[in-house]
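1. prediction below, plus the sequence it came from.
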Amino acid sequence: MLLLQYLVTGIVTGCFLILATIGFSLTRRVEGFLNIAHAELLGVSAFTTWFLNTSGGWPIVIAALAGIVFTAVTGLFIGRVVYDPIRSRGPAVLLITSVGVAYVIGGIIDALVGTGIRTLDIGLPTTYRVAGVRITDYQLIVVALAAATSLSLALFLSRTRTGLAIRAMSANPALAASRGVDVRVTSRATWLLASGLAGLAGVMLAVVATLSTDIAFHQILQILAVAILAGLGSLFTVIYAGLAIGIAMDVSVYWIPAGYRPLIAFAVVIVVLVFRPEGLARRGSSR
Amino acid sequence: MIVQLLLSVITYGSLFAVITLALNLQYARGGMINFGIVAYLAAGAYAYAIVTQEPPSGLDQYLFGFDGPWWAGMIAAALAALLFALVTGWPTLRLRGEYLALTTFAFAEVFHSLLLNERRIGNGSVGLSNVERPVPEVAGIAIDESGFFAVAALALMLVTLLVFHRLLASPYGRVLDAIRDDELAASTVGKRVGRLRLQVFLISAVPVGLAGALYAMITTLASPSLFTAEVTFFVWIALILGGERTILGAVLGTFGLVLFEELSRAVPFESVRAAQVAASVQHVLTGLLFIALLRWRPGGGPKGDRS
Amino acid sequence: MTALLEARGLIKRFGGLRAVGGEEGLSFAVGAGELVGLIGPNGAGKSTTFNLISGALAPDAGQVLFRGEDITGARPESVAGRGIARTYQTPRAFESLSVLDNVVLGADSAGERLRHAFSSGWRAEEERARAYAVEQLARVGLSDRLHQRVSDLSGGELRMLEVARQLVRDPKLLLLDEPTAGVDPALQEALAGILVELRRGGMTLLVVEHNLRFLLRLADTVLVLTDGELLARGSPAEIQSDARVVRAYLGDEHAA
């Protein structure tokens, strides 16, 4: 039954990965590059929430919302100030630049927060036992949020004007512009949305995991793995990819030492890129 | 104190400049983005350590130690880096831009994870200590060690610089430039793009492996914590700082960055926390400079992807 | 006589749209020593066909045979190694190399090998390649531009540079994609002269052109492509009087 336990934990991890990656994939799809600094936004959100919650004494939900909004705005700011002016340089340069951005954000967080582990001022998790498997209420929240977010995003992208504009832009920006899509507004909406999603993931990270200043870096590798497996730029396959990698990572502990858990993610990256760069997406559907 | 600082800058500046030179060759001339170059350094360092150290005893968990002479260690280091570049380069070189960046990154992380978790290779996180360091002496008189290694590192860097320069000035270099400018046009006139890219990868790996061996000699330690992605990003920043096009720029950028780091390390801080904040601030400043350079340097940077 | 180049049932699709090849795919043959013209309205698939032959693209179906050997889907460098050279619709050049070096590169001098990077044994080879490059550049009228940057050249001159780069390889088959686009009339005459010379020397040429006045004087045979399929094949005279061809070219104007 240990295996079943790992499977369940894997699903939770997978749901977290979905939340963390979906904004990343959105950025890739609409803005056209891999934003390595996306993972740092998780840190921004996590620590802002932590600060408001512990030092400010704010109730967790309010603190979380504030953290998410702050992260969304930060992401927008960076998108407009740093990335927009150099978009014409191509995805490789943007990728390299995002490494610099990650450095800056990481440095700021380090300077402000310092090393050491932080915990949120929330109650201890309540553990439920279902069919011999343990799961906490916080973990359930992660799963629920992942489901809710995916559904909302799907509705948003297919029903709202901005959502449709985002989809049009990701397919073909020039065509979208000629059809009347306001590229600038849509781009900004994308930054807000993607960063907000990162913010949500960051809060989840703070709730279920241990909070230290280097968590962001550890996450980027897994986010990359999920995004690549999903097929860069694909959004809905992120769900399958996230679950697949989450489960693979946690279940693997059954057979190999826990230290190798992140290795699963890297191995996936290598295998996918070498053998099937488009990942799980249909051929020709992603850029 | 100044002398110590100077020696430190020369030693580490030279060592890291070798890596930056390799990056310059791979990226500016070969058009390949390698985000996992630290792995070559690690391969070289561990190969050197394993070949030169004594067989395991006592609390050691590693399996191999051949107690070989330092020069055997250096050869092993070069070979190890070469092998790593071959194994990881061959299936991936047809990947472009960001995909290659990710794959190289992933390979380096896999390697790092192996070194960390497989105790039988190198004692896991503890690493291999007491790495053999040849005692420098001339005509039986011992020389100052830090001075000696500074010169050794400098020599390695200069040789690498000369070799790369010669290579790029030759007709072979012309082919590399052409491939970087327009890969399709180059293959249209019969240039074997994949093969040439692999050659560049391999050629640039060797000096980095040797630098790894030197690094292990100098620190007398080979531990996974020395070979993290931080190193890769450090040299990338050095590369961009110096203007990634020229060989001289790669060297100057590296020395500049190392000087910056050494200077800030030399400042006496009142508390551990203050030192940490200073280090973070330095990170932030470096990152900002990096972003600014990528954006504003005239005629700088790679051209956008041409599909 | 076996054809030098043969296309058999070539089909290429781009995301559901068939760019080359109808029901049975595109098939044609080019005999050795011929100068064959390939014409057709925009979007007919002419450049795509070139890409399928030169290895820039792999066909979804069909074969490409060169001198009887199957080169379908071979990589561009492999195709080039067999003696097929081509120019592109938008001329391609190496911006960091000088005009002369752009052509020398095409000569495949042995000096370019890695092992010669550190020796001086390659000098003779290099000299030979350089001299030949200078000759070809003179042929296309770029003698006074040898050491200039590629960015200093006009569009027409870039096209000529690309031609020179291919000529220096002494190919058996030369594919030219719209060689006269953006080239002034005097240079066009020179180019026509070069093509005649090349033919007399035994080279086989396949030329895509919109400039019918230029092409129809020179070609032995003309292939007409529309919507990826072969509409007609014949001598220049036959093609010009073929009602279907006229309609295909001018049809849009009449309909609109």
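-> Looks like it came in fine. Residues are numbered from 1 along each chain as shown, chains lettered A, B, ... in the order given.
2. spell out which residues of the stretch 101-250 of chain B are next to chain C.
-> Residues of the stretch 101-250 of chain B lying close to chain C by C-beta under 8 Å from any C-beta of the partner chain are B:163, B:166-167, B:170-175, B:177-178, B:180-182, B:184-193, B:199. (C-beta placed from N, C-alpha, C; glycine too.)
3. and these, which are buried?
-> Among these, those classed as buried by 16 or more other C-beta atoms under 10 Å in any protein chain shown are B:163, B:167, B:170-175, B:177-178, B:180-182, B:184-193, B:199.
4. just the ones in strands from those residues, please.
-> Using DSSP state E, no member of those sits in strands.
5. what pLDDT does the model give the residue nearest to C:Asp70 when sequence neighbours are not counted?
-> Computed as C-beta to C-beta, 6 or more residues apart in numbering or on different chains, the closest residue to C:Asp70 that is not its neighbour in sequence is C:Gln63, at 5.9 Å. Per-residue confidence at C:Gln63 stands at 92 (pLDDT).
6. what's the helix or strand containing C:Gln63 in contact with?
-> If you go by DSSP states H and E, C:Gln63 is part of strand C:61-66. Strand C:61-66 is contacted from outside by C:3-11, C:21, C:25-27, C:52-53, C:70-72, C:79, C:82-84, C:173, using C-beta atoms under 8 Å, 6 or more residues apart in numbering or on different chains.
7. for the single nearest residue of the stretch 101-250 of chain C relative to chain A, which non-adjacent residue is closest in space?
-> Of all residues in the stretch 101-250 of chain C, C:Ser151 sits closest to chain A, at 18.3 Å by C-beta to the nearest C-beta. If the residues on either side of it in the chain are set aside, C:Ser151 comes closest to C:Glu95, at 6.4 Å by C-beta to C-beta, 6+ apart.
8. now do B:Ile37
-> B:Thr232 is the one closest to B:Ile37 (C-beta to C-beta, 6+ apart), at 5.4 Å.
9. could you list the low-pLDDT ranges of chain C?
-> Across chain C, the ranges flagged by pLDDT under 70 are C:1, C:250-256.
10. which bits of it sit near chain B?
-> Within reach of chain B by C-beta under 8 Å from any C-beta, chain C has these residues: C:54-56, C:75-77, C:80-81, C:85-86, C:88, C:92-97, C:101, C:104-106, C:108-109, C:111-114, C:116-118, C:122, C:126, C:165-166, C:169.
11. before we move on, the earlier item: the residue nearest to B:Ile37 reaches B:Leu41, doesn't it?
-> No: with contact defined as C-beta atoms under 8 Å, B:Thr232 does not reach B:Leu41; the gap is 9.1 Å.
12. give me every residue that touches A:Leu17.
-> A:222-223, A:226, A:242, A:245-246.
13. any idea which element the residue lying closest to A:Gly56 once chain neighbours are set aside lies in?
-> Closest residue to A:Gly56 apart from its sequence neighbours, by C-beta to C-beta, 6+ apart: A:Ala63 at 7.0 Å. Following DSSP H and E, one finds A:Ala63 within helix A:60-78.
14. which elements pack onto that helix?
-> Packed against helix A:60-78 by the contact rule (3 or more C-beta pairs under 8 Å, 6 or more residues apart in numbering or on different chains; DSSP states H and E) you find helix A:38-54, helix A:183-208.
15. how close does the residue of the stretch 1-150 of chain C found nearest chain A get to A:Val130?
-> Using C-beta to the nearest C-beta, C:Gly15 is the residue of the stretch 1-150 of chain C that sits closest to chain A, at 5.6 Å. Per C-beta to C-beta, to the nearest Å, C:Gly15 is found 47 Å from A:Val130.
16. pick out whichever of B:Thr232 and B:Leu41 has more residues nearby.
-> Using other C-beta atoms under 10 Å in any protein chain shown as the criterion, B:Thr232 and B:Leu41 rank with B:Leu41 on top: 32 against 23.
17. quick one: distance of the helix or strand the more buried one falls within to the chain centre.
-> Assessed by DSSP H and E, B:Leu41 sits inside helix B:38-52. Put simply, helix B:38-52 sits 12 Å off its chain's centre (C-alpha atoms, centre = their mean, to the nearest Å).
18. ok, stretch B:232-247 next?
-> Distance, stretch centre to chain centre, for stretch B:232-247: 12 Å (C-alpha atoms, centre = their mean).
19. thank you, goodbye.
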